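Enquirer: just to be clear, the model below is a prediction. Sequence and coordinates:
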Amino acid sequence: MERRTLLGRLIWQLGEVVATQPETARTKSITLNLPGWSGHRAGQHVDVRLTAEDGYQAQRSYSIASSPEEAPRVTLTVERLDDGEVSPYLTEELRVGDKLELRGPIGGYFVWEAEMGGPLLLVAGGSGIVPLMAMLRHRSAAESTVATRLLYSSRSLEDVIYRDELDRLMKRSTMLEVAQTLTRAHPPGWTGYSRRIDLQMLREVAWPVAQRPLTFICGPTPFVETAAAILVELGHEPARIKTERFGPTGEKHDGE
Amino acid sequence: MENKLDGNAAAGNLEEIFPFEMTLAQATCAGCGANDVIGAAASYMHGMGTIIRCNRCDAALIRVAHIRGRYLLDMRGVCVLQIKEG
Ligand SMILES: Cc1cc2nc3c(=O)[nH]c(=O)nc-3n(C[C@H](O)[C@H](O)[C@H](O)COP(=O)(O)OP(=O)(O)OC[C@H]3O[C@@H](n4cnc5c(N)ncnc54)[C@H](O)[C@@H]3O)c2cc1C
Ligand SMILES: [Zn+2]
């Protein structure tokens, strides 16, 4: 925090790409080393800025996927939108050794720290898993035993980001339950849900209202609005439901 | 392109101007009196700037634009803004 207090405001800094890791056919994790990083809280994001040779700039937000415990390294996980301006560059062009301009950490609202307790309900659609994964990684690194349920919606099994790590985290902690739904294609013998999120599904997965869970919902705008409206309908306190909209879901990405 | 996002998504733009964690600042809507933190409000980002809207009545609370080296803030939709130090 010192750096920000000193300057009084958010500044752009350069991070060096130290690793890249494909997660699915459309998503890639990018790990940056940020020597001046002041640390972050699980759920925060960064703004990334690309500058073309003619000076044209494009700026987008990306959630931090890594836990605070991994600082000064920070990992972002980006989904490629084929017609996108920024995400194809980040997922296809960026190489280890390249520099990336970003500022952050940003946002004190969509944040969970082990001390905040629970029970915790995390609801993710597609790449909306990213900030929730930072929370799960932080929960694990802090050896928190807060009772946690994740409901994660993907189009198909191949689109599930962090699949193996979610399995590992679940095996490590009896207090973590992961429910998955696949909206388009499901493999033979699939035992999870096979439809879009609805009232019945949230009734089954969400904590009883009386337990006053803390809820974080993240994904494409329509997904987030549907999930939040259903939880309110089920009687959950709106003030304990935090949302992070990642933006639209176009024709080709109607997702999750 | 007008995408509905959360106030949290506008935090970077607000923190260019204010040296505070603006998602936790509380805005009282001049239109309907609703009181909520900026992070929970709705936000719409355009190339030129950002509009933060009241979740209850949809009134524009704050408009921020950055044009030719100048920040323009239209805050007439907020009657009280409470900012926590630090
Ligand atoms: C707080 C915050 C955190 C975010 N974190 C992540 C993250 O961790 N990982 C990640 O991959 N993205 C994240 N996003 C979304 C990201 O900021 C960009 O919107 C996304 O990468 C698309 O940018 P683009 O320049 O490639 O596409 P654009 O050129 O902006 O858009 C191309 C087309 O895709 C549509 N579109 C735009 N955004 C989305 C979207 N998110 N989903 C589906 N369609 C879209 C547009 O309407 C347009 O038709 C986050 C957004 C916010 C506000
Ligand atoms: Zn209002």
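Expert: Noted; the coordinates are in hand. Ligands and ions are numbered 1, 2, ... in the order given.

Enquirer: which parts of the helix or strand harbouring A:E16 are buried?
Expert: Assigned by DSSP states H and E, A:E16 belongs to strand A:13-22. Residues of strand A:13-22 classed as buried under the neighbour-count rule (16 or more other CB atoms under 10 Å in any protein chain shown) are A:13, A:15, A:17, A:20. Heads up, the C-betas are built off the backbone N, CA and C, glycines and all.

Enquirer: how deep is the closest residue to the first one other than its chain neighbours tucked in, by neighbour count?
Expert: Once its chain neighbours are removed from consideration, A:Q13 has its nearest residue in A:G36; the separation is 5.5 Å (CB to CB, 6 or more residues apart in numbering or on different chains). Close neighbours of A:G36, defined as other CB atoms under 10 Å in any protein chain shown, add up to 11.

Enquirer: circling back to that earlier point, between the buried residues of strand A:13-22, which is nearest ligand 2?
Expert: Closest approach to ligand 2 among these (CB to the ion): A:Q13, at 36.5 Å.

Enquirer: and the next helix or strand past the strand ranked longest in chain B?
Expert: If you go by DSSP state E, chain B has its longest strand at strand B:60-67. Where DSSP H and E defines the elements, the next helix or strand beyond strand B:60-67 is strand B:70-74.

Enquirer: let me see the mean pLDDT of the very next helix or strand once past that next one.
Expert: Counting by DSSP H and E, the element after strand B:70-74 in chain order, helix or strand, is strand B:78-82. Mean per-residue pLDDT for strand B:78-82: 97.

Enquirer: likewise for stretch B:57-72?
Expert: 94.

Enquirer: quick check: buried residues in the longest strand of chain B?
Expert: Buried residues in strand B:60-67, counted by 16+ other CB under 10 Å: B:60-65.

Enquirer: which of the residues you listed sits closest to ligand 2?
Expert: B:L61 (7.6 Å).

Enquirer: give me the spatial nearest neighbour of residue 14, chain neighbours excluded.
Expert: The chain I'm using is chain A. A:K99 is the one closest to A:L14 (CB to CB, 6+ apart), at 4.7 Å.

Enquirer: that's the wrong chain, I wanted chain B
Expert: Counting by CB to CB, 6+ apart, the nearest residue to B:L14 once its immediate chain neighbours are dropped is B:M22, at 3.9 Å.

Enquirer: count of residues packed around the one you found?
Expert: Neighbours of B:M22 (other CB under 10 Å): 30.

Enquirer: quick one: distance of stretch A:139-159 to the chain centre.
Expert: Distance, stretch centre to chain centre, for stretch A:139-159: 10 Å (CA atoms, centre = their mean, to the nearest Å).

Enquirer: can it be said to contact ligand 1?
Expert: No: judged by CB under 6 Å from any ligand atom, stretch A:139-159 stays clear of ligand 1, getting no closer than 12.3 Å.

Enquirer: next: stretch A:98-118.
Expert: No: applying CB under 6 Å from any ligand atom, one finds stretch A:98-118 separated from ligand 1 by no less than 7.1 Å.

Enquirer: what's the first-to-last distance across that stretch?
Expert: Terminal residues of stretch A:98-118 lie 40 Å apart, using CA to CA, to the nearest Å.

Enquirer: now do the contacts for B:N35.
Expert: B:N35 makes contacts with B:26-29, as judged by CB atoms under 8 Å, 6 or more residues apart in numbering or on different chains.

Enquirer: of those, which is the nearest to chain A?
Expert: Minimum distance to chain A across these is 11.5 Å, recorded for B:Q26 (CB to the nearest CB).

Enquirer: how many neighbours does that closest one have?
Expert: 15.

Enquirer: that one: what's it in contact with?
Expert: B:35-38, B:80-82.

Enquirer: can you add distance to ligand 1 and give the residues you listed back as a markdown table?
Expert: Rendered in a markdown table, the data for these read as follows (distance: CB to the nearest ligand atom, whole Å):
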| residue | distance to ligand 1 |
| --- | --- |
| B:N35 | 23 |
| B:D36 | 18 |
| B:V37 | 15 |
| B:I38 | 13 |
| B:V80 | 26 |
| B:L81 | 22 |
| B:Q82 | 23 |
